[in-house]
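Student: Provided below for reference: sequence and predicted model.
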Amino acid sequence: MHKCGRYPEKPATDLALEAALNALDDAGIPWNAMEVAYASHVAQGVSVGEAICEKLGMTGIPIINVENACASGSTAIREAFYAIANGVYDVAIVIGVEKMNRGVLGGAGEEGSLERELGLNVMPARYALKANKHMHAYSTTVEQMAKVSVKNHKNGCLNPYAHYQKVFTVEEVLASKMICDPITLLQCCPTSDGAAAAVLCAAKIVRRYNSKPKVFIAGSALKTEKYKDDADLTARTAKAAYEMAAMEPGDIDFAELHDAFTIGEILHCESLGFCPPGEGGVLVDTGRTEIGGDIPVNPSGGLQSRGHPLGMTGVAQLCEVVWQLRGAAAKRQVESAKVGLTHTQGAGGVCSVHIFKR
């Protein structure tokens, strides 16, 4: 991984190169053993994957650029996983990278669409509506939402790859600049630069290259919204992943999920089945989502603290899960972790859930 932050002097390809070299070194596999490369990014231009891989060496392999909003990295992982599972390749590398513009994150709705005319193309506005709805329906409080930020920034202080490594109090979070009521500045993820990479390979050769503890993909799901759908998108996606893995929410030891805004973590915890609907705020209140709780959420610091370089996020989540399941997460280690879940959700109505096991 390349540490998230602001790197005006570095092109995206240099961020990605560092992440890719780190992944290859971690796996103990040389670049010329890669059979395919997937490069996830959202707004980095044409053929960024080819530009990254040119720096690694032009070996003639297929290079596939993947864009799927905030779920780009997770989608690239899924594509690599299914290609390997179906015997097309034995070894693949997934590289996620993004350099972000400063300012409020937009991107939803086409030019001239009703969404844009109403101002709903701005992400804080969309999440603020969700927050107000949840507060009205379940008496969720602004303090509970602020506690998500407090927890994740505290976790981020333990992650050397996190963009912001600073502890905040509930009072400081609530007193920060109002962005879109009730969401304040410190309840929004930063717009960061960063890159992450991972090597995936077939189970039949996984022990050929190193003796490190191995992590396997047990479940993979990717869904989009549909008309007249009674089920929440995340809930429907998670259901497919749980079924594939032959697991239930209670089998998950920790999760890295999409906390672009604090209310997102509360909503997604409910949708993933970690608590009943309406009790996401209580889940945070009672400390259950802390690193030492019974369902730690975002031990990496999540998007709130690590950052949210769009094309990187899903791959960064995978890296965190692997470190946790190997017992290599240092001070943020989740005790006795055997199963981890990742979740991303993006503009346009796309969601991805993966389940990993030792």
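Tutor: Cool, the structure landed. Here the structure is a predicted model, which means the values were calculated and not measured.
Student: per-domain residue ranges of this protein.
Tutor: 2-101+193-205, 114-188+215-357 (automatic domain parsing).
Student: would JSON lines of those with mean pLDDT be doable?
Tutor: JSON lines is the format used below for those (pLDDT from 0 to 100):
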{"stretch": "domain 2-101+193-205", "mean pLDDT": "97"}
{"stretch": "domain 114-188+215-357", "mean pLDDT": "95"}
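Student: a markdown table for those, including mean neighbour count?
Tutor: Yep, even glycine has a C-beta here, placed from its N, CA and C like the rest. What follows is the domains of the chain, written out as a markdown table (neighbours: other Cβ atoms under 10 Å):
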| stretch | mean neighbour count |
| --- | --- |
| domain 2-101+193-205 | 20 |
| domain 114-188+215-357 | 21 |
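Student: thinking T289 is in contact with H268, fair?
Tutor: No. Counting by Cβ atoms under 8 Å, T289 stays clear of H268, with 11.1 Å between them.
Student: which residue ranges form the strands in the stretch 1-150 of the chain?
Tutor: All strands of the stretch 1-150 of the chain, identified by DSSP state E, counting those that start in this stretch, fall at 2-5, 36-40, 63-66, 91-98.
Student: Let me know which of those is the nearest to A80.
Tutor: Closest approach to A80 among the strands of the stretch 1-150 of the chain is made by strand 91-98 (4.2 Å; Cβ to Cβ).
Student: quick one: that closest one to chain centroid distance?
Tutor: Mean-position distance between strand 91-98 and its chain equals 14 Å (Cα atoms, centre = their mean, to the nearest Å).
Student: What helices and strands are in contact with that strand?
Tutor: Helices and strands touching strand 91-98, by 3 or more Cβ pairs under 8 Å, 6 or more residues apart in numbering; DSSP states H and E, are helix 12-27, strand 36-40, helix 48-56, helix 72-85, strand 193-201, helix 313-326.
Student: tilt between the longest one and strand 36-40?
Tutor: Angle between the axes of helix 12-27 and strand 36-40 is 130 degrees (criterion: axes from the mean of the first three to the mean of the last three Cα atoms, to 10 degrees).
Student: repeat for the last one
Tutor: Counting by the same axes, to 10 degrees, helix 313-326 points 120 degrees away from the direction of strand 36-40.
Student: Which strands and helices lie in contact with helix 313-326?
Tutor: Here helix 313-326 touches helix 72-85, strand 91-98, strand 193-201, strand 254-256, strand 339-346, strand 350-357, going by 3+ Cβ pairs under 8 Å, 6+ apart.
Student: Neighbouring strands - and their directions - for the fifth one?
Tutor: Under the criterion DSSP bridges, strand 339-346 sits next to strand 254-256 (parallel), strand 350-357 (antiparallel) in its sheet.
Student: Among these, which comes closest to N155?
Tutor: Nearest to N155 among those is strand 254-256 (10.6 Å), distances taken as Cβ to Cβ.
Student: Not counting its own residues, what contacts the closest one?
Tutor: For strand 254-256, contacts defined as Cβ atoms under 8 Å, 6 or more residues apart in numbering pick out 272, 274, 295-300, 302, 317, 320-321, 324, 334, 337, 340-343.
Student: Could you do stretch 268-279 as well?
Tutor: 134, 137-138, 140, 232-235, 238, 242, 248-249, 252, 255, 257-259, 280, 282-283, 288-289, 295, 297, 341, 343, 345, 353.
Student: Point out the ones among those that are inside helices.
Tutor: When the contacts of stretch 268-279 are checked against helices (DSSP state H), the matches are 134, 137-138, 233-235, 238, 242, 280, 282-283.
Student: Quick check: bridge partners of the closest residue to H354 other than its chain neighbours?
Tutor: Nearest residue to H354, sequence neighbours excluded (Cβ to Cβ, 6 or more residues apart in numbering): T342, at 4.8 Å. Beta bridges link T342 to E256, H354, judged by DSSP bridges.
Student: Look up how far R78 lies from T342.
Tutor: According to Cβ to Cβ, to the nearest Å, T342 stands 11 Å off from R78.
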